[in-house]
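Asker: Would you be able to build a 3D model of this:
(2 chains)
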Number of protein chains: 2
Amino acid sequence: MAEKIDEKKVTPRSQDFAAWYNDLIIRAELADYSPVRGCIVFRPDGFAIWEHLRDELDRRIKQTGARNTYFPLFIPLSFLQKEAAHVEGFAPEVAVVTHGGGKELEEPLIVRPTSETIIHHMFAQWIHSHRDLPLMINQWCNVVRWEMRTRPFLRTAEFLWQEGHTAHATREEAERETLTMLEVYRSFVEDFLAIPLVAGRKSAAERFPGADETYAIESLMPDGRALQCGTSHYLGQNFARAFEIRFLDQNNELQHPHQTSWGVSTRLLGAIVMSHGDDQGLRLPPSVASTQAVVVPIWRKADEAERVQSVSRDVVGRLAQAGVRARTDEREGVTPGYKFNDWEMRGVPLRIEIGPRDIAAGEVVLARRDIPGASGKSRASLAEVAATAKSLLQEIQTNLYKQAKAAEDSNTRQFDDYSRLRAQMADEGGGGFADVYWCGSPQCETKIREETRATCRAIPLNQLKDRGGRCIVCQESATERALFAKAY
Amino acid sequence: MAEKIDEKKVTPRSQDFAAWYNDLIIRAELADYSPVRGCIVFRPDGFAIWEHLRDELDRRIKQTGARNTYFPLFIPLSFLQKEAAHVEGFAPEVAVVTHGGGKELEEPLIVRPTSETIIHHMFAQWIHSHRDLPLMINQWCNVVRWEMRTRPFLRTAEFLWQEGHTAHATREEAERETLTMLEVYRSFVEDFLAIPLVAGRKSAAERFPGADETYAIESLMPDGRALQCGTSHYLGQNFARAFEIRFLDQNNELQHPHQTSWGVSTRLLGAIVMSHGDDQGLRLPPSVASTQAVVVPIWRKADEAERVQSVSRDVVGRLAQAGVRARTDEREGVTPGYKFNDWEMRGVPLRIEIGPRDIAAGEVVLARRDIPGASGKSRASLAEVAATAKSLLQEIQTNLYKQAKAAEDSNTRQFDDYSRLRAQMADEGGGGFADVYWCGSPQCETKIREETRATCRAIPLNQLKDRGGRCIVCQESATERALFAKAY
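Answerer: Model (predicted):
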């Protein structure tokens, strides 16, 4: 059994990033491939990460005043067709139910790719007066988009997400809500998932179908490709008009509300794997790790076992009391070395080793997952083990962010020469973030996309405080910088 | 605005139980009808009850050792056909996806009506040795069954549920798991939802398609009809054979594992509404109420308002500190009487009234939702308000159970004369639980069903400790009593 790990060694990340990513997900038992095209199975260790993430984000979303709901999975095909841009964007990738209860349906139903249409249909029943606004709802659910190329977590035919939908009396209030949720996502992903982000506006070409403005949080993965981690849309009055949502304002005049929608998905699990993982396996931020500290009892002689296990359980008790999610690994028939490798693969942030000599010295060894070898090890007395573990977990959370941020920074480059941008993106392995002046024209954006495969990921909210410059493509004057990258 | 409540008065329960039930759900804003046939929209107040219920049950399920997962929504049609009884049971009510991404699919996909088939397909990949057992997983998800007649919460085309699936090395262990989960459900529904239950075995006719044995928790609604609130199935080796799940046992011999599945659904929301509601509206058990106590500040003169509101907020703070979910109702333009009616409709267990005279006396008035009028009112000083509220909420939780239990008991009758059973069930309004000796033969069961519309709801686990008797239909000797009732 001790050989098992070697048999299933993961592809080194430097050798083949995509293979490494897929290997890690299978080996760490986060997910498995399913017999349904493009759909995966979330195994317990993978789903537990989602649960930690979901519970915390749910808490933060509710703090903004939105409340949870649940709308039907199925949407009449005709609903999708009510908003012109929306149907154009989603019609090509919907799954269609044509039969139910043994009969052909009179009108086909689509499986929701997103729920604006059915939710706004209901909003029209519920909104009559300015007193009914703002209306702010959220739902956690599954959605289906029939994608051609799928990757576990990153792009699957079915995925889990939350989608928030709000209606407001004024444009200003809806725009503020759009940016409030973008900031909720940014702080959540940076603080809780330890993933550095750029928050910005999307170009018109990259907007959500039916939105007036789309904002996103984007992260750069270690292979130099960008991953969109969440979006927040200002929908204007487009859907309100299409679904005839109207309210009497304070002057007793009928108005269409201004609306928003915003979402993040199980794609965030892919971001965690890619941002933090290494050749030894996952590295989970303590915030989302079901096991934050694993205690490995070590003994050679049978008469040592009982004492070592008893101290190990005592340590788990002390950790639990201090709010640390901890467990012991008392498996028999496998070596401590096997256990070390196994928990490293699963990404447990902190390992605590307890052997007879440690007990004699009244100490335990704490080994950090984020710092390999001797430099990641420290010792603590039994009395101090819980406090030490808590403080180390905090350091690990911070350090994972720092490491990822350093990688992102080192792979973000300013360009003012288009040929250099092209050369950088010609790199098969990625290309990083290209930070350039762009005039904002679709022509220049298209030229970059077609010639380099890099797309406009974001026009960052935080712009340099300089006097503007010249578009990297056409050399016309440009007032904003944009980040281009090849993307997942 | 104060007229609104009268305009939308609910049908009295005694006049038309079904209309009362539907009115309550709409008026209390738990749910709304959707444009999709047989599907409802869960509004925030309804979904919040589900969230409280789900979080607590999830905790109890995890305590048994099961872990959460997520499997695909879609199942290849051929999977359904692998287990003969299963396909016969579910094929007539599946929704079928025939097109995806603009093309006709090679093999149609069904939208899961339950997930045994796809989960057992994956179990076959994961289970190899007795060391992989027991395998115990659960998932919270949506399922679709194309029902002909639907009722909000009770029977909808799409509903939310949890489904647990386990595999064990021995028959004994799987049977024990089936009964363990039945008991988890029983104690959860009785303790947390305050709904009295009978736990029992199902007759062969009422078994889950593909199971060797089905157990259920059944509750009697106030209209005399039974509601199945949850089921736990011993699947034997039926699915293990169909999906070729095999493990090497400790003697190195290949065996099929023994399996179970178990679930409860959003139907429980319907059970809460029916079991506890009255003509004034919902009555929520404190355990599932998002607002356990609402503080209504009462004043006449403008100069009283500030003082009353300030004390009201202070009381909410004291309640929150004591772990009571509380809020004030500071709405303007509606009378205190309107607010009282509104919160009674929404089922808030405890109302706290605070007016200038109460403040002068250093007291507040607490009004229980479960006891109408003066007898449900008491007073407490500000210093004691939190402790009093906590203790009243506990009493309300217990009392709601007692009231429902008394109603169930008064509508449960033992019969040994078949003509009396028939007469009782002829009552259009229900019929209650009929507790009878039954020989166990399908013929006698069918006769009862066809002649009285009552079905065998459960063969209770707790049997009378007598010497047996004679079947109510055929007069042959019978060793077990069974509960028959007309059912939802």
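Asker: give the contact list for the residue positioned nearest the centre of chain A.
Answerer: Residue closest to the mean C-alpha point of chain A, counted by C-alpha atoms, centre = their mean, is residue A:268 at 1.9 Å. Neighbouring residues of residue A:268 by C-beta atoms under 8 Å, 6 or more residues apart in numbering or on different chains: A:53, A:189, A:193, A:229, A:230. To be clear about C-beta, it is placed using only N, CA and C from the backbone, and glycine gets the same treatment.
Asker: Out of these, which comes closest to chain B?
Answerer: residue A:53 (13.1 Å; C-beta to the nearest C-beta).
Asker: For residue A:290, see how far away that closest one is.
Answerer: Residue A:53 is 11 Å from residue A:290, where distance means C-beta to C-beta, to the nearest Å.
Asker: backbone phi and psi for the nearest residue to residue A:280 once chain neighbours are set aside, please?
Answerer: Distance criterion C-beta to C-beta, 6 or more residues apart in numbering or on different chains; nearest residue to residue A:280, sequence neighbours excluded, is residue A:344 at 4.6 Å. Taking degrees, to the nearest 10, you get phi -70, psi -40 for the backbone angles of residue A:344.
Asker: Let me see the contact set for residue A:344.
Answerer: By C-beta under 8 Å, 6+ apart, the neighbours of residue A:344 are A:280, A:281, A:351, A:369.
Asker: Now do it, the pLDDT please.
Answerer: Looking at residue A:344, its pLDDT stands at 97.
Asker: I'd like to know how far it sits from residue A:210.
Answerer: The value you get for residue A:344 to residue A:210, if C-beta to C-beta is used, is 45 Å.
Asker: So what does the residue nearest to residue A:363 when sequence neighbours are not counted look like in phi/psi?
Answerer: Spatial nearest neighbour of residue A:363, excluding adjacent residues (C-beta to C-beta, 6+ apart): residue A:379 at 4.8 Å. Here is the backbone geometry of residue A:379 (degrees, to the nearest 10): phi -120, psi 150.
Asker: Contacts made by whichever strand or helix holds residue A:176 with the rest, please.
Answerer: Assigned by DSSP states H and E, residue A:176 falls within helix A:171-187. By C-beta under 8 Å, 6+ apart, the surrounding residues in contact with helix A:171-187 are A:57, A:60-61, A:64, A:134, A:136, A:164, A:166-168, A:197, A:199, A:213, A:215-217, A:229-230, A:232-236, A:257-260, A:262, A:264.
Asker: so which of the contacts of residue A:268 are also by chain B?
Answerer: By C-beta under 8 Å from any C-beta of the partner chain, no member of these lies near chain B.
Asker: Mind checking what helix or strand follows the helix or strand bottoming out on mean pLDDT in chain A in sequence?
Answerer: None of the helices or strands of chain A scores lower by mean pLDDT, DSSP states H and E than helix A:4-7, at a mean of 48. Where DSSP H and E defines the elements, the next helix or strand beyond helix A:4-7 is helix A:17-27.
Asker: Give me the sheet partners of the helix or strand just after that following helix and which way each runs.
Answerer: Counting by DSSP H and E, the next helix or strand C-terminal to helix A:17-27 is strand A:31-33. If you go by DSSP bridges, strand A:31-33 pairs up with strand A:40-42 (antiparallel).
Asker: What is the distance between the strand it pairs with and the centre of its chain?
Answerer: 16 Å (C-alpha atoms, centre = their mean, to the nearest Å).
Asker: cool, and stretch A:311-322?
Answerer: 32 Å.
Asker: Show me what counts as buried in that stretch.
Answerer: Neighbour-count burial for stretch A:311-322 flags A:311, A:312, A:315, A:316, A:318, A:319 (criterion: 16 or more other C-beta atoms under 10 Å in any protein chain shown).
Asker: who's in contact with the closest residue to residue A:358 other than its chain neighbours?
Answerer: Nearest residue to residue A:358 in three dimensions, chain neighbours excluded: residue A:364, at 5.5 Å (C-beta to C-beta, 6+ apart). By C-beta under 8 Å, 6+ apart, the residues touching residue A:364 are A:315, A:352, A:353, A:354, A:358, A:379, A:380, A:382, A:385.
Asker: Same check on residue A:279?
Answerer: Contacts of residue A:279 (C-beta under 8 Å, 6+ apart): A:10, A:12, A:13, A:14, A:20.
Asker: Quick check: ChimeraX command selecting the buried ones in the residues you listed.
Answerer: Those of those that count as buried under 16+ other C-beta under 10 Å are selected in ChimeraX with:
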select /A:10,13,20
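Asker: Quick check: the two most widely separated of the contacts of residue A:279?
Answerer: Largest separation among these by C-beta to C-beta: A:10 and A:14, giving 11.8 Å.
Asker: Run a quick neighbour tally on the closest residue to residue A:186 other than its chain neighbours.
Answerer: Once flanking residues are discounted, residue A:186 sits nearest to residue A:199: 4.8 Å by C-beta to C-beta, 6+ apart. Residues lying near residue A:199 (other C-beta atoms under 10 Å in any protein chain shown) number 23.
Asker: how about residue A:199, phi and psi?
Answerer: Per-residue torsions, residue A:199: phi -100, psi 130 (degrees, to the nearest 10).
Asker: Please tell me how far it sits from chain B.
Answerer: 28 Å (C-beta to the nearest C-beta, to the nearest Å).
Asker: Contact partners for that residue?
Answerer: Contacts of residue A:199 (C-beta under 8 Å, 6+ apart): A:182, A:183, A:186, A:215, A:216, A:217, A:218, A:458, A:460, A:461, A:462.
Asker: Roughly how far does the first one sit from residue A:176?
Answerer: By that I understand residue A:182. 11 Å.
Asker: Equivalent analysis for the last one, please.
Answerer: Distance of residue A:462 to residue A:176, given as C-beta to C-beta: 18 Å.
Asker: mind listing the strands for the stretch 301-450 of chain A?
Answerer: Applying DSSP state E, counting those that start in this stretch to the stretch 301-450 of chain A gives strands spanning A:326-328, A:350-354, A:363-368, A:377-381, A:412-414, A:433-438.
Asker: let me redo that: the stretch 1-150 of chain A
Answerer: A:31-33, A:40-42, A:67-68, A:74-76, A:95-100, A:103-111, A:135-144.
Asker: Paired strands for the shortest one, with orientation please.
Answerer: Using DSSP bridges, the strands paired with strand A:67-68 in its sheet are strand A:135-144 (parallel).
Asker: Just want the angle from the strand it pairs with to strand B:103-111.
Answerer: 110 degrees (axes from the mean of the first three to the mean of the last three C-alpha atoms, to 10 degrees).
Asker: tally of neighbours for residue A:55?
Answerer: When neighbours are counted by other C-beta under 10 Å, residue A:55 comes out with 11.
Asker: now it: how far from residue B:192?
Answerer: Counting by C-beta to C-beta, the gap from residue A:55 to residue B:192 is 20 Å.
Asker: same deal with residue A:317?
Answerer: Distance, residue A:317 to residue B:192, by C-beta to C-beta: 28 Å.
Asker: Residue A:130 now?
Answerer: Residue A:130 is 39 Å from residue B:192, by C-beta to C-beta.
Asker: Equivalent analysis for residue A:200, please.
Answerer: Distance from residue A:200 to residue B:192, by C-beta to C-beta: 46 Å.
Asker: ok, the two, which is more surrounded?
Answerer: A count of neighbours by other C-beta under 10 Å puts residue A:200 above the other of residue A:200 and residue B:192, at 23 against 18.
Asker: OK, contacts around that one?
Answerer: Per C-beta under 8 Å, 6+ apart, neighbours of residue A:200: A:215, A:216, A:218, A:457, A:458, A:459, A:460, A:461, A:482, A:483.
Asker: chain center to the host helix or strand of the first one, what's the gap?
Answerer: Taking DSSP H and E as the criterion, the element that holds residue A:215 is strand A:213-220. Between the centre of strand A:213-220 and the centre of its host chain there is 12 Å, according to C-alpha atoms, centre = their mean.
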